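Colleague: quick one, fold the following:
(one chain, ligands or ions: 1)
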Amino acid sequence: MNLGFVGQALITEQVTVDEVALARIQDFFADCTAVIGHLETSILPDGPTYPMKDRTCHYAQSSDLAALKTLGLSHLNLAGNHAFDLGPDGIEATLKGLAGNGLVGIGGGVDRDSACSPAIVNTSTHCLALWGRDAGPQPDVVYASDALSPLKARPGIAGLRIDRHLQVDTTGAKELNRISQETGYSQWAKLRADIGYDPNSSNQRFYGIPFSLGEKCQDNYDVNAADWSELEHHLRDHDAHYHVIHLHQHHWGEDWQTSPQWILDLGKSLIDMGISIVAVTGNPRVHPIYRYRRGLILSGLGGLIFHTQREATYDESVWCGQLVCITLSEKLIQNIRLLPIQVGGTSRSQRRLSAGEVQTLPFEALSTIDECRN
Ligand SMILES: [Fe+2]
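Modeller: Model prediction:
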């Protein structure tokens with residue numbers, strides 16, 4: 001069985017694909033049971049609707065999704081920072097638009113349960129569970145909620161949120177506390193916490209940023225415990241030969257050309273939990289693929305279509321993409337094939353989606369996740 005992976009499709013207009021590239025990509029994915037990508041836009045509802053952002057609000061027509069089906073995609077992760085750009089109306093229109101184009105959305109739904117549940121793909125021999133999650137940072141409103149009478153359920157996306165946590169050394173903690181005392185922030189925070197309006201003021205915070213005392217100053221990335229438990233719970237409820245997760249994140253890191261360590265650690269934890277393939281998008285650049293135990297971490301899938309409003313300011317690396325095809329047998333990943341691509345831009349730019357030469361790698365040829373630390 002083959003599974004295909006592509007990076008993010010930021011679509012705001014009709015997609016233009018080079019004819020030769022189209023044939024190559026279709027051929028590359030021809031034997032795939034499923035081809036999963038990330039949708040970095042929202043579909044316009046039939047009637048007027050509200051924008052949920054004042055800047056970088058992405059939307060497209062339902063017909064603009066047709067190119068994804070033509071390229072061979074079957075599933076799109078909605079759990080990202082643009083699915084809610086048109087609010088609940090946009091989520092519903094996107095699900096409808098995907099279905100109208102023969103595509104299936106994951107990581108988004110009309111309520112929390114549907115957003116958090118996987119798409120199931122059954123073959124004659126295997127059952128696949130395809131999950132979508134967003135790691136943030138995003139406001140709470142984008143995540144789907146359950147109905148709480150008399151309130152309706154809120155359509156939205158599924159979260160596996162990362163909470164950033166600042167650790168400071170003794171000198172740093174003293175200084176932050178001194179400033180908080182002098183400016184009155186400590187007393188201000190205590191008054192709000194005392195009435196339950198803000199988190200407990202006994203936890204150290206500096207202008208809203210929680211921090212803790214440690215040996216050195218460092219930025220910690222912790223998985224939201226409730227989101228983790230919910231994913232664990234859902235995973236137990238879905239027996240499948242292979243669990244695959246598409247994870248979108250916008251924390252990026254201090255070096256945009258590599259995946260931050262917390263992404264790799266999260267990938268390992270997900271594989272330990274029972275996921276076989278962790279595919280990451282968010283930073284529009286290709287990052288390495290690692291093996292860990294019997295699983296794979298595609299630490300950065302890069303782009304597929306990039307109708308960005310910032311074409312002139314991005315460096316060239318965002319236009320170098322990669323398509324991935326993974327061959328699986330009974331409980332084992334056999335090999336991966338890689339197809340380098342030139343990411344497609346807008347109709348106004350000269351960039352067209354095009355494809356290079358296929359490279360095949362046996363599973364054992366990939367670096368292990370621990371080798372990448374050397
Ligand atoms: Fe994104």
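Colleague: need the phi and psi values for the single nearest residue of the stretch 1-150 of the chain relative to the ion.
Modeller: The ion sits closest to residue 81 of the stretch 1-150 of the chain, with a gap of 4.4 Å, by C-beta to the ion. C-beta: built from backbone N, CA, C; applies to glycine. Dihedral pair for residue 81: phi -90, psi 10, per degrees, to the nearest 10.
Colleague: and it, what does it touch?
Modeller: 40, 134, 138, 142, 248, 250, 282 (C-beta atoms under 8 Å, 6 or more residues apart in numbering).
Colleague: got a winner among those residues for most neighbours?
Modeller: residue 134 (33 neighbours; other C-beta atoms under 10 Å).
Colleague: shouldn't that one be in contact with residue 144?
Modeller: No: Residue 134 is beyond contact range of residue 144, at 10.7 Å (criterion: C-beta atoms under 8 Å).
Colleague: okay, and the common contacts of these two?
Modeller: What both residue 134 and residue 144 touch, as defined by C-beta under 8 Å, 6+ apart, is the set 157-158.
Colleague: shaky segments in this structure?
Modeller: For the chain, applying pLDDT under 70 flags the ranges 201-202, 371-374.
Colleague: the residue minimising distance to the centre of it and the ion: what is the separation?
Modeller: The centroid of the chain falls nearest to residue 248 when counting by C-alpha atoms, centre = their mean (1.2 Å). Look at residue 248 and the ion: by C-beta to the ion, to the nearest Å, they are 6 Å apart.
Colleague: which residues touch residue 94?
Modeller: Going by C-beta under 8 Å, 6+ apart, residue 94 touches 39, 42-43, 78, 83, 105, 108.
Colleague: for residue 140, grab phi and psi.
Modeller: phi -60, psi -30.
Colleague: my error: substitute residue 26 in the last question.
Modeller: Torsion angles, degrees, to the nearest 10, at residue 26: phi -60, psi -40.
Colleague: touching, it and residue 72? I think so.
Modeller: Yes: under the criterion of C-beta under 8 Å, residue 26 makes contact with residue 72 at 5.5 Å.
Colleague: apart from its chain neighbours, what residue comes closest to the closest residue to the ion within the stretch 251-374 of the chain?
Modeller: Closest residue of the stretch 251-374 of the chain to the ion, C-beta to the ion: residue 282 (5.1 Å). Spatially, and ignoring its direct neighbours in sequence, residue 282 is nearest to residue 249 (4.1 Å; C-beta to C-beta, 6 or more residues apart in numbering).
Colleague: burial measure for that neighbour, as a count.
Modeller: The burial count for residue 249: 27, using other C-beta under 10 Å.
Colleague: cool, and residue 311?
Modeller: Residues lying near residue 311 (other C-beta under 10 Å) number 15.
Colleague: how near is the residue of the chain lying at maximal distance from its centre to residue 34?
Modeller: For the chain, the largest distance from the centre (C-alpha atoms, centre = their mean) belongs to residue 182, which lies 41.1 Å off. For residue 182, the distance to residue 34 equals 58 Å [C-beta to C-beta, to the nearest Å].
Colleague: try residue 307
Modeller: For residue 307, the distance to residue 34 equals 25 Å [C-beta to C-beta].
Colleague: tell me which other helices or strands the helix or strand containing residue 269 touches.
Modeller: Per DSSP states H and E, residue 269 falls inside helix 261-273. Packed against helix 261-273 by the contact rule (3 or more C-beta pairs under 8 Å, 6 or more residues apart in numbering; DSSP states H and E) you find strand 218-223, helix 225-237, strand 242-248, strand 277-281, strand 286-292, strand 295-301.
Colleague: now do the buried residues in that helix.
Modeller: 262-264, 266-268, 270-271 (16 or more other C-beta atoms under 10 Å).
Colleague: also stretch 163-171?
Modeller: Buried residues in stretch 163-171, counted by 16+ other C-beta under 10 Å: 166-168.
Colleague: re earlier: surely the residue of the stretch 251-374 of the chain closest to the ion and residue 252 touch.
Modeller: Yes: at 7.0 Å, residue 282 and residue 252 qualify as touching, with contact defined as C-beta under 8 Å.
Colleague: got the residues of this structure near the ion?
Modeller: Proximity of the chain to the ion, by C-beta under 5 Å from the ion, involves residues 80-81.
Colleague: about what we covered before: mind listing what the residue of the stretch 251-374 of the chain closest to the ion touches?
Modeller: Contacts were defined as C-beta under 8 Å, 6+ apart; by that measure residue 282 touches 8, 80-81, 135, 248-252.
Colleague: again with residue 57
Modeller: 51, 85-86 are the contacts of residue 57 under C-beta under 8 Å, 6+ apart.
Colleague: mind checking the SS state of the residue nearest to residue 213 when sequence neighbours are not counted?
Modeller: Leaving out its chain neighbours, the residue that sits closest to residue 213 by C-beta to C-beta, 6+ apart is residue 173, at 5.0 Å. With DSSP: H, G, I helix; E, B strand; the rest coil as the basis, residue 173 sits in helix.
Colleague: alright, that wraps it up for me.
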